[in-house]
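Asker: Sharing a model that was predicted from the sequence below.
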Amino acid sequence: MAKSLALEENSFSDQFGDNSVMHVRFNFYPPCTRPDKVLGLKPHSDRSWITVLLQDEQVEGLQIVKDEKWITVPVIPHALVVNLGDQMQIMSNGIFKSPVHGVVTNTDKLRISVAMFNEVEPEKEIGPVEGLIDENRPRLYRNVKN
Ligand SMILES: O=C(O)CCC(=O)C(=O)O
Ligand SMILES: [Fe+2]
């Protein structure tokens, strides 16, 4: 990803710290009689730098905002969904986006997913890579900790 922006290969990974963390969350969405009223997971963006998601093989539910519209992420058996999070948006000074997404419920089927969040070391400050800040693209984010 760094190379695709003509940066040194380790420009982002240098910011991860020696003790970067991975959190894994198992999500269970029971069937719901009122999917029009009840969300499985409210709209959010992930704070990670990258999230790898194993969706339920049979039941759709994940939606993502693209061009101001909600679109359903299709279920592709044995495929992983790779999603960028806020830490990558910050380090890339807004070039890589951390999309807003959420999960809708289903009237008659339960749904399970497994999300793996890769995050920088908790006490490490991250910020936009210097090479991505210039007069045309000013610094969009201050330095922050996880
Ligand atoms: O269940 C899903 O497909 C998405 C889960 C998710 O966005 C999350 O755990 O942050
Ligand atoms: Fe998420």
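Answerer: Sure, I can see it. Numbers count the residues shown, from 1 in each chain. Ligands and ions are numbered 1, 2, ... in the order given.
Asker: the strands in the chain, which residues?
Answerer: For the chain, the strands defined by DSSP state E cover 21-29, 39-44, 50-54, 62-66, 69-72, 81-84, 101-104, 111-119, 125-126, 144-145.
Asker: Can you add mean neighbour count, mean pLDDT and distance to E135 and give those back as a markdown table?
Answerer: Where C-beta positions appear, they are placed from N, C-alpha and C, glycine not excepted. Shown next, in a markdown table, are the strands of the chain (neighbours: other Cβ atoms under 10 Å; pLDDT from 0 to 100; distance: least, Cβ to Cβ, whole Å):
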| stretch | mean neighbour count | mean pLDDT | distance to E135 |
| --- | --- | --- | --- |
| strand 21-29 | 13 | 97 | 36 |
| strand 39-44 | 14 | 97 | 33 |
| strand 50-54 | 19 | 98 | 30 |
| strand 62-66 | 17 | 97 | 30 |
| strand 69-72 | 11 | 97 | 33 |
| strand 81-84 | 17 | 97 | 26 |
| strand 101-104 | 20 | 98 | 33 |
| strand 111-119 | 18 | 98 | 32 |
| strand 125-126 | 18 | 96 | 23 |
| strand 144-145 | 12 | 94 | 23 |
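Asker: which bits of this structure sit near ligand 1?
Answerer: The chain comes close to ligand 1 at residues R25, N27, L41, D46, L53, Q55, L62, H101, V103, S113, A115, as judged by Cβ under 6 Å from any ligand atom.
Asker: ok, 5 Å please
Answerer: The chain comes close to ligand 1 at residues N27, L62, V103, S113, A115, as judged by Cβ under 5 Å from any ligand atom.
Asker: Before we move on, what's the pLDDT of the spatially most central residue of the chain?
Answerer: Against the mean C-alpha coordinate of the chain, by Cα atoms, centre = their mean, the closest residue is G85 at 3.4 Å. pLDDT recorded at G85 is 98.
Asker: next one: A79
Answerer: So A79 comes in at 96 (pLDDT).
Asker: for K3, same thing?
Answerer: We have a pLDDT of 97 for K3.
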